[in-house]
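Novice: Build me a model from this:
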Amino acid sequence: MATSRKDSSKITVEIQRNGMNGQTRTKIKPGMTVLIVLKQDQRTGRLTRGIVKDILTKSPRHPHGIKVRLTNGQVGRVKEIMQDQEA
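Specialist: Numbers count the residues shown, from 1 in each chain. Reported below is the predicted structural model:
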């Protein structure tokens with residue numbers, strides 16, 4: 001899933017409003033659907049959708065997003081939580 005810079009800024013504002021920005025480790029659980037930024041996509045901000053397999057960041061918060069491994073093996077930082085399966 002690719003977003004333009006203009007669309008990306010809209011998503012960022014909405015994420016910050018909803019508090020689902022992926023910066024807090026306790027809000028992310030294995031099995032959740034998330035949007036991440038892969039290392040090679042950091043310049044463009046291109047988002048990749050996937051399901052969390054492992055949480056790799058050990059600290060409770062990270063300003064650029066919690067690092068996760070998806071079920072397909074891709075690794076990146078969470079920018080948005082798409083689905084909250086605890087609700």
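
Novice: Enumerate every residue touching the closest residue to Glu80 other than its chain neighbours.
Specialist: Setting aside the residues directly before and after it, Glu80 is nearest to Leu35 in space (CB to CB, 6 or more residues apart in numbering), at 4.3 Å. Any C-beta I mention is one placed from the backbone N, CA and C, and that applies to glycine too. By CB atoms under 8 Å, 6 or more residues apart in numbering, the contact set of Leu35 is Met1, Leu47, Thr48, Arg49, Val78, Lys79, Glu80, Met82.

Novice: In the residues you listed, which residue is surrounded by the most others?
Specialist: Val78 (28 neighbours; other CB atoms under 10 Å).

Novice: Direction included, what does the helix or strand harbouring that residue pair up with?
Specialist: Per DSSP states H and E, Val78 falls inside strand 75-81. Using DSSP bridges, strand 75-81 pairs in its sheet with strand 33-38 (antiparallel), strand 67-70 (antiparallel).

Novice: among the contacts of Leu35, which two are most distant?
Specialist: Met1 and Val78 (14.2 Å; CB to CB).
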